[in-house]
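# no sequence for this one, just the structure:
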């Protein structure tokens, strides 16, 4: 997890600060996935360096603002569960 986070964002995070929340089982019409949710408290401005060959951009938003964005299938359910939003 730590390696992937670093490769995708350039962030080096102490794994002791990474907290597992839950695994969601998600079914697409032709595939099945496990979404593993983790959280970490970030308390400063971060210099995010995304891999341009894998991502176009990123944006920090509130959980409720995320619902107005194009999310991957079932991500809305996962966010509502995590943030206890009805």
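Cool, got the structure. Every value quoted in this text rests on a predicted model; they were computed, and no experiment measured them.
# burial measure for residue 37, as a count.
14 (other CB atoms under 10 Å). (C-beta placed from N, C-alpha, C; glycine too.)
# what about the one helix or strand it maps to, distance to the chain center?
Using DSSP states H and E, residue 37 maps to strand 32-39. Mean-position distance between strand 32-39 and its chain equals 9 Å (CA atoms, centre = their mean, to the nearest Å).
# that one packs against which elements?
strand 19-27, helix 75-83 (3 or more CB pairs under 8 Å, 6 or more residues apart in numbering; DSSP states H and E).
# how close does residue 85 sit to residue 25?
20 Å (CB to CB, to the nearest Å).
# what does residue 19 give?
With CB to CB as the criterion, residue 19 and residue 25 are 20 Å apart.
# export the helices and strands packed on strand 32-39 as a markdown table, with columns for distance to residue 38 and mean neighbour count.
Listed next are these as a markdown table, based on distance: least, CB to CB, whole Å; neighbours: other CB atoms under 10 Å:
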| stretch | distance to residue 38 | mean neighbour count |
| --- | --- | --- |
| strand 19-27 | 6 | 12 |
| helix 75-83 | 10 | 14 |
